[in-house]
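Enquirer: fold the following and give me the result.
(3 chains)
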Amino acid sequence: MVRFILIFLFCWQDSLSVFGQKPVLVYQTDFGVKDGAVAAMKGVAYGVSPLLAQYDLSHEIPPYDIWQAAYRLRQTVPYWPAGTVFVSVVDPGVGSARRSVIAKLKTGQFIVTPDNGTLTLLALEIGMDEVRLLEEERNRLPGSSASYTFHGRDLYAYTAARLAAGRISFAAIGPLVPAETVVKIPFQAARREGKLLRGNIPVLDPQYGNIWTNIPLQLVQDFGVRYGDPLLVTVRKEGQQVYRDTVLFGNTFSVVPVGKPVAYANSLLNFSLGINQGNFAQEFKVGSGPGWDLVIEKVTGLKR
Amino acid sequence: MVRFILIFLFCWQDSLSVFGQKPVLVYQTDFGVKDGAVAAMKGVAYGVSPLLAQYDLSHEIPPYDIWQAAYRLRQTVPYWPAGTVFVSVVDPGVGSARRSVIAKLKTGQFIVTPDNGTLTLLALEIGMDEVRLLEEERNRLPGSSASYTFHGRDLYAYTAARLAAGRISFAAIGPLVPAETVVKIPFQAARREGKLLRGNIPVLDPQYGNIWTNIPLQLVQDFGVRYGDPLLVTVRKEGQQVYRDTVLFGNTFSVVPVGKPVAYANSLLNFSLGINQGNFAQEFKVGSGPGWDLVIEKVTGLKR
Amino acid sequence: MVRFILIFLFCWQDSLSVFGQKPVLVYQTDFGVKDGAVAAMKGVAYGVSPLLAQYDLSHEIPPYDIWQAAYRLRQTVPYWPAGTVFVSVVDPGVGSARRSVIAKLKTGQFIVTPDNGTLTLLALEIGMDEVRLLEEERNRLPGSSASYTFHGRDLYAYTAARLAAGRISFAAIGPLVPAETVVKIPFQAARREGKLLRGNIPVLDPQYGNIWTNIPLQLVQDFGVRYGDPLLVTVRKEGQQVYRDTVLFGNTFSVVPVGKPVAYANSLLNFSLGINQGNFAQEFKVGSGPGWDLVIEKVTGLKR
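Expert: Numbering: from 1, shown residues only, chains lettered A, B, ... in the order given. Here you go, the predicted structure:
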């Protein structure tokens, strides 16, 4: 009988998490997967609760590239439900005085991260409900205090797992941090300038060599562009022209022949450039980052 | 009391899936894991049901390489139980008129894929029980309709998750597709030609540089070859000889010294070539694809 | 009523594993993830029990690099709880006479591996409770007997899953193997020699290019070194000096300017060298392996 009650209690405890949400962690790092660093983090979290689901966003963020970390979170977080806890460890300042925080987004996901700009895009485009200081002293994995350099394992994964599994409340993690003090990386927003649309190339789509901009489809449509329209596109690096040509704006790559450039809206509904079954970035030597910008002009009906 | 009943109902619902089969998705794409595309797919599936198990076959299929997608599925699917739902997104024609389908194999696994030849080898070697059209209109992730280019996330992962979790029946996904209309990639089957065995090199074993053919061990044995026999092996690319030498047919790499070539049956029980602790493909510049073929001849007892 | 009892029995069976430990497998191989080999192993394990959790340590161990396999296990295993079953397949001798074993560590984790030296560091630094022979005849996946070359799938993953899921007891796997007969790779231990500390560079931290030694922080501290002290560090390959310079010993990278070398204790609490936001291994052409050693000397207060 006692055993039955125990079993029942277990079922109850287990199901609690699932009625609302089975607890889940999603990791993003620049660690790569050649060594055991990621697996050590997951082992720590598994030790907190074997019932946690653990997923990977990417461990191939270029080393120390905070901007890309910010961008990949922005790309992925909205597809995970409220209550998901993300752990992002792209942390050039590990061991320094930079603080660690946990942000709760307005859409209910949590992000555990060093406060180094990783939250820039989520804060602007989704919004943060509350940010709390991840206090090291009270949140470290027991027995880990001699290691100063692996916060990802000893502090972030451990605390994220305890938060997801309900072992600690969000409020108990640390005091509130004013949202306006959270570090933001400056970047050029997309905008219309008279007869131009101007924007930035924050990242490439590395697998296919497509060029992703921060110009929303909505802005392109409000500018009067329709699928099938030709556009004059200019790409510049630090003001130097790198590419300038007329490109068709299509709702799919196959509106142009194989090997030809096409403009389209990517999976984040931002204006993008690609080559049908080819690699635009490689062919035209286009990169990404704050120094890369892109201008869109309509091709008028004038004969030439 | 109400709480207890709710808990019981939850346990019941959860256990349903496990009595037969805990629902599971397995993904194959050419997306790589440098950005958030795969994680977005998994987030969508997790949002459908947090109880789904989600695994990866590979995300490193060479971009647009449908033939390799077909081969990797053939290599892996038989090791997963009936009811497993595979999502394969190697899709050069995304956004074009190519249709999307879900195949139920004779062995009970499901494959969600663009109908572009990805099913070629499974259809021939395992057989398809039923194929249904994945109708976009009724199966899309709600709210995703503005994105034309990410079917993997908005249509495939979402529908696969609903199918695995029992939220939709196979029949409700779309009308039946005649199996003979499913796209097949032509390829040369392995065959005996008098005193020769002839076959194709569909893929390499990329990690070790072994050469995998489509010549079954059974055919080699029926040809009269035994472990320990020397074989004269010729490899050609588009008819040009690339490699020709006598190789021992062994049941393990260590029948030859380190650094020496060996013929063996790979994990799919197909005739293969390797170098003991070396890289055959690199050393002899051998590749794979429809243009690469291989001929096996017995070495007769004649003195030379 | 029968259905209710069945459900209750299921809940009971499922919960059994979780009261102590939800069963979990962790994989390490040199297979890479470009083909379906890893997914085939996971499918086999999933077929044994869909309730197993399955994680990856790494599949990017350099091909046949047993020493690195040993090191990565040592780095990761302690962060997973007792009962975790690791499957390590770095196996240059697959198909040869080398035996397969399962070790139970003193800390309760299990390691399924070829007996080729992979257990060297765990045996020395954690200790093995019991080692058993993994007898092929009675532990193979049914129906797999024709394949000699994929032990990872047909023997290791299958048996590991059965062990983790409680389908077979540790004792039933095979007879005890005397711990002293388990293969060990010889390597130079860290030691103090008068006014020097001498040690080996077993691996690099491949993502960042940091140099990891086997000299424990404790030994460095007992030698009288404190954070902030300058140290004279010499790196040699086969006795030839590769690097020699004074480096600050810091508790974080940011004690030195960006681009400057720093000595620190890594996440395993071993003496290491890095460059703040740079790549030490690349800049100074330092590698790892048995032939690489490192000497630490204190910089005395003498003026120069």
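
Enquirer: just the closest residue of chain A to chain B, please.
Expert: Chain A approaches chain B most closely through A:T252 (2.6 Å), counting by C-beta to the nearest C-beta. Where C-beta positions appear, they are placed from N, C-alpha and C, glycine not excepted.

Enquirer: phi, psi of that residue?
Expert: phi -160, psi 160 (degrees, to the nearest 10).

Enquirer: verify the contact between it and A:Y264 for me.
Expert: Yes: counting by C-beta atoms under 8 Å, A:T252 touches A:Y264, with 7.1 Å between them.

Enquirer: who's more crowded, those two?
Expert: Ranked by neighbour count (other C-beta atoms under 10 Å in any protein chain shown), A:T252 and A:Y264 place A:Y264 first, with 24 against 17.

Enquirer: my read: the more buried one touches A:F253, true?
Expert: Yes: using C-beta under 8 Å, A:Y264 is in contact with A:F253, at 6.8 Å.

Enquirer: what's the burial count for A:E125?
Expert: A:E125, neighbours per other C-beta under 10 Å, totals 11.

Enquirer: for the nearest residue to it once chain neighbours are set aside, what are its contacts?
Expert: Excluding the flanking residues, the one nearest A:E125 by C-beta to C-beta, 6 or more residues apart in numbering or on different chains is A:R74, at 6.2 Å. Contacts for A:R74 (C-beta atoms under 8 Å, 6 or more residues apart in numbering or on different chains) come out as A:L121, A:L122, A:E125, A:I126, A:L268.

Enquirer: helix or strand for the residue positioned nearest the centre of chain A, which one?
Expert: In chain A, the centroid-proximal residue (C-alpha atoms, centre = their mean) is A:L73; its distance is 1.4 Å. In the assignment (DSSP states H and E), A:L73 maps to helix A:66-76.

Enquirer: can I get that helix in CSV, CA atoms only?
Expert: C-alpha atoms of helix A:66-76 as CSV (Å, rounded to 0.1, in the frame of the first residue of the first chain):
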residue,chain,number,x,y,z
ILE,A,66,27.9,38.0,-29.0
TRP,A,67,26.0,39.6,-31.9
GLN,A,68,25.5,36.2,-33.5
ALA,A,69,24.4,34.8,-30.2
ALA,A,70,21.8,37.6,-29.9
TYR,A,71,20.6,36.9,-33.5
ARG,A,72,20.3,33.1,-33.2
LEU,A,73,18.2,33.5,-30.0
ARG,A,74,15.9,36.0,-31.7
GLN,A,75,15.6,33.5,-34.6
THR,A,76,14.7,30.5,-32.4
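
Enquirer: gap between it and the chain center?
Expert: 3 Å (C-alpha atoms, centre = their mean, to the nearest Å).

Enquirer: check stretch A:58-75 too.
Expert: Remark: stretch A:58-75 is offset 6 Å from the chain centroid, using C-alpha atoms, centre = their mean.

Enquirer: stretch A:71-87 now?
Expert: 7 Å.

Enquirer: break down the stretch 51-200 of chain A into its strands, ranges please.
Expert: A:53-58, A:85-89, A:100-105, A:110-114, A:128-133, A:191-193, A:196-201 (DSSP state E, counting those that start in this stretch).

Enquirer: from the chain's centre, how far out does the shortest one sit?
Expert: Just to be clear, that refers to strand A:191-193. Using C-alpha atoms, centre = their mean, the offset of strand A:191-193 from its chain centre is 25 Å.

Enquirer: who does that strand pair up with?
Expert: Neighbouring strands of strand A:191-193 in its sheet, by DSSP bridges, are strand A:196-201 (antiparallel).

Enquirer: quick check: what element follows the strand it pairs with along the chain?
Expert: Counting by DSSP H and E, what follows strand A:196-201 is strand A:203-205.

Enquirer: quick one: is that following strand near chain B?
Expert: Yes: legend: contact between strand A:203-205 and chain B by C-beta under 8 Å from any C-beta of the partner chain is shown at A:V203, A:D205.

Enquirer: can you list the strands that that strand pairs with?
Expert: Applying DSSP bridges, strand A:203-205 is found paired with strand A:210-216 (antiparallel).

Enquirer: could you give the average pLDDT over the strand it pairs with?
Expert: On average, the pLDDT along strand A:210-216 is 93.

Enquirer: quick one: contacts of it?
Expert: Residues from elsewhere that reach strand A:210-216 (C-beta under 8 Å, 6+ apart): A:187-190, A:197, A:199-205, A:235, A:266, A:268-274, A:280-281, A:286, A:288, A:294, A:296.
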